[in-house]
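> Need coordinates for the following:
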Amino acid sequence: MTLAELQELHALPFFDLLKRAHEVHETQFPDGKIQLCTLLSIKTGGCSEDCAYCTQSARYETDLKNERLLSKETVMESARAARENGSTRFCMGAAWRGVRGGTERFNQVVDIIKEVSTLGMEVCVTLGELGPSEAVELKNAGVTAYNHNLDTSPEHYPNIVTSHTYEDRLRTIRNVQDAGMSVCCGGILGISETITDRLRMLEVISSFNPQPESVPINSLMPMPGTPLANNPQVDPFDLVRMIACARIAVPGAKVRLSAGRTRLTDETQALCFYAGANSIFYGDKLLTAENPEAGKDRELLVKLGLETLESNPGLEAPGANGALPASPSRDGRTCSSGGCC
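Next up, the predicted model:
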């Protein structure tokens with residue numbers, strides 16, 4: 001969708017927007033099931049990047065305790081527990097700028113992925129920047145989806161991150177898609193962006209060919225010691241509007257209600273589900289931020305009469321039709337040339 005189309009959509013009266021989004025959701029996901037995902041930080045803190053929202057950056061003074069790469073045994077224990085608790089996707093995140101093939105840490109992660117992939121869950125990882133060969137190796141190890149968020153618009157991105165560029169992120173996404181993995185790509189609300197920034201992000205994401213398999217919508221949880229520590233909480237209605245716009249802009253994707261869910265009432269979460277959210281992170285932690293306890297999540301889903309999705313470890317990446325993810329252009333549109341228009 002174009003920015004103009006998204007702006008027109010976002011400006012609809014609240015219930016008109018929800019009605020349109022729910023109609024798309026019912027068409028694309030008639031069973032209405034919610035996917036339960038578990039996210040484990042397998043390497044925490046000490047990251048060289050300067051993402052202004054992140055406690056894992058080594059550049060900020062925070063209370064986060066750095067942890068080395070977890071052992072395979074520790075990860076497998078968490079993965080088995082996630083499966084037993086109903087999660088159908090196990091996501092592993094590591095606080096690195098990126099990974100390089102042939103290194104000890106990359107080989108360790110590949111070994112962990114191979115073991116986790118035997119449990120019958122979808123396997124998602126987020127390891128930072130990837131080159132073409134590393135992406136292929138992760139695919140061969142059993143990764144079904146790679147998470148690499150755009151966070152915000154191309155225009156606002158330099159205000160949030162200076163240690164890498166927007167084009168760097170798009171390049172990793174192209175490498176992931178070329179390797180045959182599905183893409184999990186979304187953004188963060190509440191990082192001093194405008195409504196236009198939010199919709200520009202969706203414009204870029206919706207222009208990917210193929211579109212992402214999942215789109216996480218995060219709300220900033222301001223962390224002491226980070227540059228965005230004093231940012232205000234995202235308005236719940238703004239969050240619901242973005243969920244609805246994401247559902248319409250990327251109709252076939254799972255829209256994941258992600259970080260910030262601890263601050264949402266049951267009523268707000270219900271509106272998000274009605275607007276098109278059909279995936280949540282489930283468990284005790286979301287990387288370094290708190291996440292609602294599994295029991296509370298289950299209670300809410302029961303109240304709403306929502307069933308959960310079955311595992312699909314054989315998830316196939318959507319066909320790309322020979323096209324590449326679009327890159328942001330100077331005039332605010334997008335192109336698929338792989339560079340700036």
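> tally of neighbours for residue 303?
Residues within reach of residue 303, counting by other C-beta atoms under 10 Å, total 10. For glycine as for every other residue, the C-beta is placed from the backbone atoms N, C-alpha and C.
> Next one: it relative to residue 173, how far apart?
Counting by C-beta to C-beta, to the nearest Å, the gap from residue 303 to residue 173 is 37 Å.
> and what of residue 24?
According to C-beta to C-beta, residue 24 stands 24 Å off from residue 173.
> which residue is nearest the middle of this structure?
residue 216 (3.7 Å; C-alpha atoms, centre = their mean).
> wait, is that residue part of a strand?
Yes - counting by DSSP: H, G, I helix; E, B strand; the rest coil, residue 216 is part of a strand.
> wait, what's in contact with it?
147, 149, 184, 185, 186, 187, 256, 258 (C-beta atoms under 8 Å, 6 or more residues apart in numbering).
> Tell me the bridge partners for it.
residue 256 (DSSP bridges).
> Return the alpha-carbon coordinates of the helix or strand where residue 248 lies using CSV.
Using DSSP states H and E, residue 248 maps to helix 236-249. Extracted in CSV, the C-alpha atoms of helix 236-249 (Å, rounded to 0.1, in the frame of the first residue of the first chain):
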residue,chain,number,x,y,z
PRO,A,236,-3.9,2.2,23.4
PHE,A,237,-6.2,3.4,20.6
ASP,A,238,-3.1,4.3,18.5
LEU,A,239,-1.9,0.8,19.0
VAL,A,240,-5.2,-0.7,17.9
ARG,A,241,-5.2,1.5,14.8
MET,A,242,-1.7,0.3,13.9
ILE,A,243,-2.7,-3.3,14.4
ALA,A,244,-5.7,-2.7,12.1
CYS,A,245,-3.6,-0.9,9.4
ALA,A,246,-1.0,-3.7,9.5
ARG,A,247,-3.7,-6.3,9.0
ILE,A,248,-5.0,-4.6,5.9
ALA,A,249,-1.6,-3.6,4.5
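> Remind me which helix or strand residue 38 belongs to.
strand 35-43.
> which element follows that strand toward the C-terminus?
Criterion used, DSSP H and E; the element after strand 35-43 is helix 72-84.
> Residues in contact with that next one: which ones?
For helix 72-84, the surrounding residues in contact (C-beta under 8 Å, 6+ apart) are 38, 40, 42, 90, 92, 108, 111-112, 115-116, 119-121, 283, 311.
> try stretch 296-312
Taking C-beta under 8 Å, 6+ apart as the rule, stretch 296-312 contacts 31-36, 83, 86, 88, 120-122, 266, 269-270, 273, 278, 280, 282.
> Filter those down to the ones in helices?
83, 266, 269, 270, 273 (DSSP state H).
> isn't the last one right up against residue 34?
To tie it back to what came earlier, the one meant is residue 273. Yes - assessed by C-beta atoms under 8 Å, residue 273 is found in contact with residue 34 at 7.1 Å.
> Show me where the protein dips below the pLDDT cut-off.
For the chain, the stretches with pLDDT under 70 are 46, 58, 283-293, 319-341.
> rerun at 50
Applying pLDDT under 50 to the chain flags residues 286-289, 291, 321-324, 329-341.
> so where do the strands sit in the protein?
Using DSSP state E, the strands found in the chain span residues 35-43, 89-94, 122-126, 145-147, 182-184, 187-189, 214-219, 254-257, 277-281, 285-286, 289-290, 327-328, 334-335.
> Which one of these lies nearest to residue 8?
strand 334-335 (17.5 Å; C-beta to C-beta).
> Between which two of the contacts of helix 72-84 is the distance greatest?
By the measure C-beta to C-beta, 108 and 311 form the most distant pair in the contacts of helix 72-84, at 25.3 Å.
> show me the contacts for residue 155.
Taking C-beta under 8 Å, 6+ apart, we find residue 155 in contact with 197, 200.
> Ramachandran angles for it?
phi -70, psi -40 (degrees, to the nearest 10).
> just residue 120 next, same as before
Main-chain dihedrals, residue 120, degrees, to the nearest 10: phi 80, psi 10.
> With adjacent residues omitted, what lies nearest to it?
For residue 120, ignoring the flanking residues on the chain, the nearest one in space by C-beta to C-beta, 6 or more residues apart in numbering is residue 313 at 5.1 Å.
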